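Enquirer: model the structure of this input:
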Amino acid sequence: MPMNKTIVKGAVFDMDGLMIDTEKLYLRYWKQAAADFGYTMEDTHVFAIRSLARKFSIPMLKGFFGEDFPTEDVRARRTELINAHIAENGIDIKKGLFELYGYLRDNGIKIAVATATPRERTLMYLKKINVLSYIDTIVCGDMVTTGKPDPEIYLTAASQLGLPPQECTAFEDSPNGIKSAYSAGCQAIMIPDMTPPDEELMPMLSGVYNNLEEAIHYFEGRI
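Expert: Below is the predicted model:
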């Protein structure tokens, strides 16, 4: 193994926009839900709250739209709309997910999911795409005190895998998720979904790939 390559024993995955193609649904239905309550939500507003814990997203939304913005009512409406869409259309899996998971399993790499999504919804999604058999542990937004971009969720996932975060890769599609993983000490890998990494994010990244299958290359010489 090359001396300049950090060993990898674990891989921790965000879920929405990374494993499953749901960020486009959040974008569409956050805006529709806000419109149902008389507010005009732009793409930039939705991008800003991606992967954020509620303790961060609620004040941000009120900062955008005013203190009277009914965050929980709009969120509940968004969830209702997403549920209806998934019930009718199913969930699209991101390219290369099973190829990467199979590679990791074959090479003895432990796998965790670390998502801002609540546990009940997370398990529903993961069961729908038949991926639970690959996963060693799951940490959800309602299982930690402080969610992304705080590092707690990645520190918790690494701990549950029995590994130091420095020996874990973290796969993310959003800036807030990358900040969380990097702050935890993980090797942060970005698979951009809706936005590419910017100048602030680039120094935090150990790699950027077009899809999860391409990210297999990151593990060469590291496992």
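
Enquirer: of all the helix elements in the protein, which one is longest?
Expert: helix 71-89 (DSSP state H).

Enquirer: the helices in this protein, which residues?
Expert: Using DSSP H, helices in the chain cover 23-36, 43-48, 54-65, 71-89, 97-106, 119-128, 152-161, 175-184.

Enquirer: so which of the ones you listed gets nearest His217?
Expert: With Cβ to Cβ as the criterion, His217 lies closest to helix 97-106 of the helices of the chain, at 10.4 Å. For glycine as for every other residue, the C-beta is placed from the backbone atoms N, C-alpha and C.

Enquirer: contacting residues around the closest one?
Expert: Applying Cβ atoms under 8 Å, 6 or more residues apart in numbering, the contact partners of helix 97-106 are Ala11, Met19, Ile111, Ile129, Val131, Tyr134, Leu212, Glu213, Ala215, Ile216, Phe219.

Enquirer: Leu132: neighbouring residues, count only.
Expert: 11 (other Cβ atoms under 10 Å).

Enquirer: begin at 3 from here
Expert: All right, first residue 3 from here; so that's Leu134.

Enquirer: chain neighbours aside, what residue packs nearest to it?
Expert: Leu128 (5.2 Å; Cβ to Cβ, 6 or more residues apart in numbering).

Enquirer: so who does the one you found touch?
Expert: Leu128 neighbours (Cβ under 8 Å, 6+ apart): Met17, Val115, Leu134, Ile137, Ile140.

Enquirer: what do you get for Arg224?
Expert: Met3, Lys7, Thr8, Ile9, Val10.

Enquirer: if you set the cut-off to 10 Å instead, what comes out?
Expert: Applying Cβ atoms under 10 Å, 6 or more residues apart in numbering to Arg224 gives the contacts 3-4, 7-11, 109, 111, 169, 171, 189, 208.

Enquirer: will you turn those into TSV that also has pLDDT?
Expert: Formatted as TSV, the contacts of Arg224 follow (pLDDT from 0 to 100):
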residue	pLDDT
Met3	33
Pro4	39
Lys7	78
Thr8	84
Ile9	93
Val10	97
Lys11	98
Asn109	97
Ile111	98
Glu169	98
Thr171	98
Gln189	98
Ser208	97
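
Enquirer: show me this protein divided up by domain.
Expert: With domains defined by automatic domain parsing, the chain comprises 12-23+94-221, 25-91.

Enquirer: looking at those, which is buried most?
Expert: Greatest average neighbour count among the domains of the chain goes to domain 12-23+94-221 (a mean of 20), per mean count of other Cβ atoms under 10 Å.

Enquirer: quick one: it to chain centroid distance?
Expert: 6 Å (Cα atoms, centre = their mean, to the nearest Å).

Enquirer: contacts only, for the most centrally placed residue in the chain.
Expert: A centroid search over the chain (Cα atoms, centre = their mean) returns Asp16, at 2.9 Å, as the residue closest to the centre. Each residue near Asp16 by Cβ under 10 Å, 6+ apart is listed here: 52-53, 115-119, 150, 155-156, 172-176, 178-180, 182-183, 193, 195.
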